[in-house]
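Peer 1: Curious how this folds, go ahead:
(chains A and B)
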Amino acid sequence: MESIINAFHIDYKIILAQMLNFGIVFVVLYFYAIKPLGKIMKERGDKIEKGVKDAKTNAEILDKSKAEYEEILIKAKSEADKIFQEGKKEAQTKKTAMLEEAKNEVALIIENGKKTLEADKTKMVEEAKKEIVTLVISATKKLLGEKIDGSLNEKTIKEFNNL
Amino acid sequence: MTIKETAQENILENGAQEGTEQVSHEVTIFAEPIKHFENFTITNALFSSWVVVFIIIAISVILRSKLREIPKGIQNLFEIIVEGTVSICDQVTNNRKLSLKIFPFAISVFFFILLNNWLGIMPIGGFGLIEEGAHGLAFIPIFRGGTADINMTLALAVMAVFGANIFGAFSLGIWKTFNKYVNLKALGQIGKKIRKDPTIILVAPITFFVGLFEIIGEVAKIASLSFRLFGNVFAGEVLLASIAALVAFFIPIPFLFLEIFVGMIQAFIFSILLVVYFTIGASDHDHEEGHEVKHEEEHDKVVIIN
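Peer 2: Numbers count the residues shown, from 1 in each chain, chains lettered A, B, ... in the order given. Okay, here's the model as predicted:
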């Protein structure tokens, strides 16, 4: 054993010094390189994992939203169609009612016009008759030479009116 | 015990100062002293080892300052190394949690040995001291691969083996780790199981002595780890010196590459063995045996049912 120690110059102090060297290497590598590097790698891994998970969830949400959107779109279309049909029907009804009302109004206006016309005609005929009587009396006066009195004149007018 | 190289090999002429006196360079199996402090001698291997420690500290500080969430340059390289090391550890341990605990030791040992191996074959052997030796003036290179000194490989081997047992004690508990070597548990079972299984009176002492043999096994591990690494690296350096002595130009280049490769392989082997020892240290034999017994019992039940 001693010959081996002498041959290889085995020295416990150098062995301890080399152990210390390795200890320093281990501590420095562990605390300055491996640990922070491992931390960063783990954080990145977690982020990637979370990103993949989120992407999956988002894709699911998107699919769900798409389906919901399509469903809502179909529902809205059918509702719009229904409303349109109802509106059309209502418009038709209103149109018919308005037309009817307009017709009635026109008929009423025509009726009123006819009545007014009739009244005017009667009034005009009366006035014309009065005018004619006055003219006839005037003409007769001229012909008879102003011998007819006022009471005759009035009587004649009344008789003429009764014709 | 020194290996003397051929006369023309690394004899440096010191003509200018020393006249006709020649300076010889001997490749020694031990690291040469370059400085003495009272009781402590600084060898060239220890000095190289300090240089390696400095390089590793510098790299670690640079890496730390350049750590970013999006990796770039040196961080990319280290991330690949870390991931590769963990995946290799996984192949040995079959347990990611255990691999994550062991790999910092393995990676530290790997870099420490690798840089020491490579520093030894760097063409900087011309830097050194000229001292009066037993056979006249001798050239002592200031750099010698740290792993080409048995003191360093011994230190690493002792740390690996003791570290594995300490790691085992932390993982399994001191009592279980102690029972791997001094199996009192086996002796204690004689009283408990002798009625049920009388053969235990023979098996338990054998188990106890196997435990004691494990202690010899641990010493053998230290010897094999240290001498393997030292032998390979030292042989490589001798090979390079011999080839360079025979043909100074071009021919040593392939051997230089070979030694770069060997340096890496040796660092890798040491690290893998360290992982294996740590894994063995953290594995529970009783638990495994218990599993095996359980499996056998289940198998018997299945056979009976069939």
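
Peer 1: To which secondary structure element is residue B:129 assigned?
Peer 2: Assigned by DSSP states H and E, residue B:129 belongs to strand B:128-133.

Peer 1: Counting by contacts, list what the next helix or strand after that strand packs against.
Peer 2: Using DSSP H and E, the helix or strand that directly follows strand B:128-133 along the chain is strand B:136-141. Secondary-structure packing of strand B:136-141 (3 or more CB pairs under 8 Å, 6 or more residues apart in numbering or on different chains; DSSP states H and E): strand B:22-23, strand B:128-133. The way it works is simple: take the backbone N, C-alpha and C, and place the C-beta from them, glycine included.

Peer 1: Which positions within strand B:136-141 qualify as buried?
Peer 2: For strand B:136-141, a neighbour-count test (16 or more other CB atoms under 10 Å in any protein chain shown) marks B:138, B:139, B:140, B:141 as buried.

Peer 1: What are the neighbouring residues in contact with the third one?
Peer 2: This means residue B:140. If a contact means CB atoms under 8 Å, 6 or more residues apart in numbering or on different chains, then residue B:140 has B:32, B:33, B:34, B:44, B:128, B:129, B:130, B:131 as its contacts.

Peer 1: redo that, cut-off 10 Å
Peer 2: Residue B:140 sits next to B:25-26, B:28, B:31-34, B:43-44, B:128-131, B:133 when contact means CB atoms under 10 Å, 6 or more residues apart in numbering or on different chains.

Peer 1: Check what pLDDT it gets.
Peer 2: With respect to pLDDT, residue B:140 has a value of 78.

Peer 1: how far does the longest helix belonging to chain B sit from the chain's center?
Peer 2: What stands out as the longest helix in chain B, according to DSSP state H, is helix B:200-246. Distance of helix B:200-246 from the chain centroid (CA atoms, centre = their mean, to the nearest Å) equals 11 Å.

Peer 1: name the helices or strands packed onto it?
Peer 2: Helix B:200-246 sits against helix A:2-8, strand B:2-3, strand B:27-28, helix B:96-120, helix B:150-172, helix B:174-181, helix B:184-193, helix B:252-282, with contacts defined as 3 or more CB pairs under 10 Å, 6 or more residues apart in numbering or on different chains; DSSP states H and E.

Peer 1: pLDDT of that helix, averaged?
Peer 2: 89.

Peer 1: which stretches of the chain have low pLDDT?
Peer 2: Since no chain was named, I'll use chain A. For chain A, the stretches flagged by pLDDT under 70 are A:145-153, A:156-157, A:160-161, A:163.

Peer 1: Chain B was what I was after
Peer 2: Those would be B:1-21, B:23-24, B:125-126, B:128, B:133-134, B:285-306, if you go by pLDDT under 70 across chain B.

Peer 1: Geometric centre of it: which residue is closest?
Peer 2: Nearest to the mean C-alpha position of chain B, by CA atoms, centre = their mean, lies residue B:270 at 4.3 Å.

Peer 1: Residue B:263 versus the residue lying closest to residue B:139 once chain neighbours are set aside, what's the distance?
Peer 2: Once flanking residues are discounted, residue B:139 sits nearest to residue B:25: 4.2 Å by CB to CB, 6 or more residues apart in numbering or on different chains. Separation of residue B:25 from residue B:263 (CB to CB, to the nearest Å): 22 Å.

Peer 1: can you count the residues close to the residue nearest to residue B:139?
Peer 2: Applying other CB atoms under 10 Å in any protein chain shown, we find 20 residues neighbouring residue B:25.

Peer 1: close enough to count as contact, it and residue B:244?
Peer 2: No - if you go by CB atoms under 10 Å, residue B:25 and residue B:244 don't touch, sitting 11.3 Å apart.

Peer 1: Any of the contacts of residue B:140 buried? List them.
Peer 2: Applying 16+ other CB under 10 Å to the contacts of residue B:140, the neighbour count classes B:25, B:26, B:28, B:31, B:32, B:33, B:34, B:43, B:44, B:128 as buried.

Peer 1: Surely the fifth one touches residue B:44?
Peer 2: Yes - under the contact definition of CB under 10 Å, residue B:32 touches residue B:44, with a separation of 5.4 Å.

Peer 1: Overlap of the contact sets of the two?
Peer 2: Residues touching both residue B:32 and residue B:44 comprise B:128, B:129, B:140, B:141, B:142, B:144, B:149, with contact defined as CB under 10 Å, 6+ apart.

Peer 1: Which two of those residues have the greatest separation?
Peer 2: For these, the maximum inter-member distance is 17.0 Å, found between B:129 and B:149 (CB to CB).
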